[in-house]
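# build the 3D model from these lines:
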Amino acid sequence: MRLLRKMAGLIGGARRLDITHSGTGRDATARAMDAGMSVSATSSMALSAVWGCVGLLAGTISSLPFQVYQSDGGSGRDGKRVMRRDHPLYAILHDSPNADQTALDFWDFMTQAIELWGNAYAKIDRLGGKIVALTPIRPDAVSVRRDAAGALRYRWSDKAQRYDLGEEDVLHIRGPGGDPLGGMSTLTFARATFSLALAENATAAGIYRNGLRPGGLLKFKEWLSPEQRDVASSAMVEQFTGAANAGRPFVAEGGVEWQPLGINPVDAQMLETRGFSIEEICRFFSVPPVMVQHSSATTSWPTGVEQQVLLFQKFTLRRRLKRIEQAVSKQLLTPAERAAGLSVEFNLEGLLRGDSAGRASFYNAGLNGGWLVINEVRAWENLPPVEGGEIPRVQKQNVPITELERLIHGS
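Numbering: from 1, shown residues only. Below you'll find the predicted structure:
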């Protein structure tokens, strides 16, 4: 009986631990595997590969227009959709979520939070039942738990003020993993890789900051006296140590010979390892290394800019954009609004916009085929509409051969 009670207590304790979102166990495992360097959001962003990946993802997503649409309820080809600029949520998502930030600032912060911590939070402010502002919260300050009724509760402190709000008052966008309590943190799961990269950077910096890195050896033909050795050593340290003295000419005297040295295998291996760390970091963020200015001798990545953007959108951005769109739709739109055909979506047209020749070819195909109208094209090119520009047009040259004689003779 005692054993059964003890087991029940352990199981109950495990359940209590499971209902609070905490990465303690994963953090301890990751710390045991790291290279001894402290890994945080600040230190990780000091790595150029992390800065490049997070900046690329956050900058691309935050620069896309986030818009509210209204569907008429139709499906397939009969369905129509219009932009709802008059909806209160449009100004919050597209223009300014709060009094201090633009939409780009807000979504840049939220996207970086997802990429680094695996979660993004924003406090929902309402007035008269309507959402009037979204205020971002530092993700590392938030703890998530379930209350006795099974609802999610969010706790955090900010400027000496403590918050304990329910899920209806907090926008929570989860990263990879799909756990209701929170997504998977890149800082946790990539700790070993980030720590190794930081250690490599620190080692390289230490070599140039403190180490004597000669391009060769000075060979003396006889043993030096202690005084001569001290003078030679101090002169070398003062005049040739550090990156600022690199390439400084050395005057050899007294029968001294200069023996050039190449890069040693240890340094060569360190340089190769630093390049491999960049590829490892890019793999964590699903960003092709070429898009953060890291190239190798061989690559299967397409060379065309348009193809690069398309693949980046399909395999990297699509999941991230859908994650944000679905979270906003589920938590900020009411069930009645969703049932009435209201939806939110990032506008990708600016991202997919090609060069002048590519756009001209696309527009011509659409206009000649009748699935684009002139005013649609002019709107994409930031030109005013023209009279008659809403009428679809098609080319009439593509006719059956059997109809040619009738068309020629007008019969």
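# so where's the stretch 151-300 of the chain uncertain?
Applying pLDDT under 70 to the stretch 151-300 of the chain flags residues 206-218, 221, 231-275, 296-300.
# repeat the analysis, applying 80 as the threshold.
For the stretch 151-300 of the chain, the stretches flagged by pLDDT under 80 are 178, 200-225, 227-276, 293-300.
# also the stretch 1-150 of the chain?
Ranges of the stretch 1-150 of the chain meeting pLDDT under 80: 1-36, 72-80.
# any chance you could map the helices in it?
Using DSSP state H, counting those that start in this stretch, the helices of the stretch 1-150 of the chain run over residues 2-18, 24-33, 41-45, 48-62, 88-90, 103-117.
# list the contacts of Asp147.
Shown in contact with Asp147 (CB atoms under 8 Å, 6 or more residues apart in numbering): Arg153. No exception for glycine: its C-beta is placed from N, CA and C like everyone else's.
# same deal with the one 10 residues further on?
Ser157 sits next to 141, 163 when contact means CB under 8 Å, 6+ apart.
# and what of the one 5 residues further on?
Taking CB under 8 Å, 6+ apart as the criterion, Arg162 is in contact with 155-156.
# give me the beta-bridge partners of it?
Applying DSSP bridges to Arg162 gives these bridge partners: Ser157.
# distance check, it against Val394.
Distance, Arg162 to Val394, by CB to CB, to the nearest Å: 65 Å.
# can you pull out the strands in this protein?
66-71, 81-83, 119-127, 130-137, 143-146, 152-158, 161-166, 170-174, 216-219, 257-260, 342-346 (DSSP state E).
# can you tell me the closest non-neighbouring residue to Gly177?
Nearest non-adjacent residue to Gly177, counting by CB to CB, 6 or more residues apart in numbering: Met184, 4.0 Å away.
# wait, the one you found touches Ala190, no?
No: counting by CB atoms under 8 Å, Ala190 is not a contact partner of Met184; they are 10.2 Å apart.
# re the thing from before, what is the burial count for the residue nearest to Gly177?
17 (other CB atoms under 10 Å).
# repeat that for the one 4 residues further on.
Taking other CB under 10 Å as the criterion, the count of residues near Thr188 is 19.
# all numbers from here: first residue = 814
Okay, using 814 as the starting number, the last item reads as Thr1001.
# what separation is there between it and Val955?
15 Å.
# same check on Leu860?
Counting by CB to CB, the gap from Leu860 to Val955 is 25 Å.
# now swap in Trp864 and tell me
Trp864 sits 24 Å away from Val955, going by CB to CB.
# which of those two has more neighbours?
With neighbours defined as other CB under 10 Å, Trp864 and Val955 compare such that Val955 has more, 21 against 14.
# I figured Met1104 hits Gly868, correct?
No: counting by CB under 8 Å, Met1104 stays clear of Gly868, with 10.8 Å between them.
# who has more neighbours out of the two?
Met1104 (19 against 15).
# which residue packs closest to the more buried one, ignoring adjacent ones?
Using CB to CB, 6+ apart, the nearest residue to Met1104 is Leu869, at 6.1 Å.
# contact partners for the one you found?
Shown in contact with Leu869 (CB under 8 Å, 6+ apart): 1100, 1104-1105.
# ok, 10 Å please
For Leu869, the contact set (CB atoms under 10 Å, 6 or more residues apart in numbering) comprises 928, 1095, 1098, 1100-1101, 1104-1105, 1125, 1129-1130.
# and which of those is nearest Lys936?
Distance to Lys936, by CB to CB, is smallest for Glu928 among the contacts of Leu869, at 20.7 Å.
# so what's the nearest residue to that closest one once chain neighbours are set aside up against?
Closest residue in space to Glu928, ignoring its immediate chain neighbours: Val867 at 5.0 Å, by CB to CB, 6+ apart. Neighbour list for Val867: 854, 857-858, 860, 921, 924-925, 927-929, 999, 1094, 1098, 1100, 1105 [criterion: CB under 10 Å, 6+ apart].
# narrow the residues you listed to those that are buried.
By neighbour count, with 16 or more other CB atoms under 10 Å, the contacts of Val867 hold 854, 857, 860, 921, 924-925, 927-929, 999, 1094, 1098, 1100, 1105 as buried.
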